[in-house]
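Undergrad: Structure for this input, please:
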Amino acid sequence: PNIKYTMGNFTSNSSTALPPLKTVTSCNVDRFATGAWFVIGNIPTYPERHASNAVERYALTQGKKSNDIDIDFQYNNGDPITGKLKSLPQKGWLVKDEPGEWRVSPFWPLKLPYLILELDTDRYNYCVIGYPNRNYAWIMGRKPVMDGKLYDSLVDKLVKDHQYDVSKLRKVPQKWTAEERKKRGVSVDECPDEMLATD
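TA: Now for the predicted structure:
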C-alpha cells in the first residue's frame with residue numbers, strides 16, 4: 001500500500017472514541033514476504049483513488065541494509081492496461097515483539113504504521129492491512145481474483161472486528177493480459193491463464 005500521503009493524518013484520529021486496532025498475533029515474515037500481493041480492495045490514499053492492477057512485493061534484506069524489508073508497490077493509474085504505470089518503492093521495519101506491526105517509510109525520516117489486521121496463517125493467501133485512524137485499509141490476495149464470499153467476509157471483519165467505516169472501500173480493478181503479465185514480471189503461478197482477460 002502507498003502511505004506516502006498519510007503523514008498529515010498520523011496523529012489526527014477522526015475516531016478518537018474507538019479502541020486501538022488489534023493486529024494478528026502470529027506472522028511468518030518469510031512466508032508473508034514471498035510472492036506477489038494483489039490489492040483487491042482498499043480505502044485508498046489520495047494517489048490510489050484511481051489505481052488498477054495494484055501489486056505489492058516485499059523482499060527481506062537479510063541484515064544487508066538498515067531496513068528489514070524493501071517494498072515495491074506498483075499500479076496503473078486509471079485503466080488497468082493503458083494507464084500509466086506508477087512505482088512507489090518504500091522501506092519497512094519489523095516491530096520487536098509485535099508480529100502484526102511494521103513501520104513503513106516512503107522517505108526519510110518518516111516511519112508510518114503498517115498493521116496486519118487479518119491474515120491467512122495457514123496458506124498466506126490473503127491479508128488485510130489497516131491504519132490507526134481507520135482512514136485507510138487494503139485487502140490483498142495472492143491472485144488477482146479473490147473469491148467473492150472471502151472478500152465479503154474480510155469486509156465484514158473490518159466492520160465488526162475493527163470498527164471500520166467501509167463506505168469509501170473500493171474494489172481495485174484487476175485486469176491482466178499475457179503481455180501485461182510479462183511486462184510487470186508477474187508469474188503464471190501468480191496470475192494463471194484462466195484469470196487473464198478474454199476481451
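Undergrad: mind checking the SS state of Glu194?
TA: Following DSSP: H, G, I helix; E, B strand; the rest coil, Glu194 is assigned to helix.
Undergrad: And Gly92, by the same measure?
TA: With three-state DSSP as the basis, Gly92 sits in strand.
Undergrad: Asp152 too?
TA: Going by three-state DSSP, the secondary structure assigned to Asp152 is helix.
Undergrad: So Asp30: helix, strand or coil?
TA: Secondary structure for Asp30, judged by three-state DSSP, is helix.
Undergrad: Pretty sure it sits against Leu60.
TA: Yes. Counting by CB atoms under 8 Å, Asp30 does reach Leu60; the two are 7.0 Å apart. In this view, the C-beta of every residue, glycine as well, is placed from N, C-alpha and C.
Undergrad: Of these two, which one has the most company?
TA: Neighbour count, other CB atoms under 10 Å: between Asp30 and Leu60, Leu60 has more, with 17 against 9.
Undergrad: Please tell me how far that one sits from Pro113.
TA: 19 Å (CB to CB, to the nearest Å).
Undergrad: same check, this time on Cys27
TA: As for Cys27, its distance to Pro113 is 15 Å (criterion: CB to CB).
Undergrad: now Pro80
TA: Counting by CB to CB, the separation of Pro80 from Pro113 is 29 Å.
Undergrad: can you check Ala17 too?
TA: From Ala17 across to Pro113, the span is 19 Å (CB to CB).
Undergrad: Tell me which of those two has more neighbours.
TA: Pro113 (19 against 6).
Undergrad: Help me confirm that that one is found in a helix?
TA: No. If the criterion is three-state DSSP, then Pro113 is strand and not within a helix.
Undergrad: need the contact list for it.
TA: With contact set as CB atoms under 8 Å, 6 or more residues apart in numbering, Pro113 has these partners: 101-104, 131-132.
Undergrad: Which one (most neighbours) among those?
TA: Neighbour tally across the contacts of Pro113 (other CB under 10 Å): the maximum, 25 neighbours, falls on Trp102.
Undergrad: Tell me how many other residues surround the closest residue to that one other than its chain neighbours.
TA: In space, and not counting its chain neighbours, Trp102 is closest to Tyr114: 4.1 Å by CB to CB, 6 or more residues apart in numbering. When counting by other CB under 10 Å, one arrives at 24 neighbours for Tyr114.
Undergrad: correct me, but Tyr114 touches Val104?
TA: Yes. Taking contacts as CB under 8 Å, Tyr114 lies within contact range of Val104: 4.5 Å.
Undergrad: Quick one: the helices in this protein, in order.
TA: Assigned by DSSP state H, the chain shows helices spanning 29-32, 148-160, 178-183.
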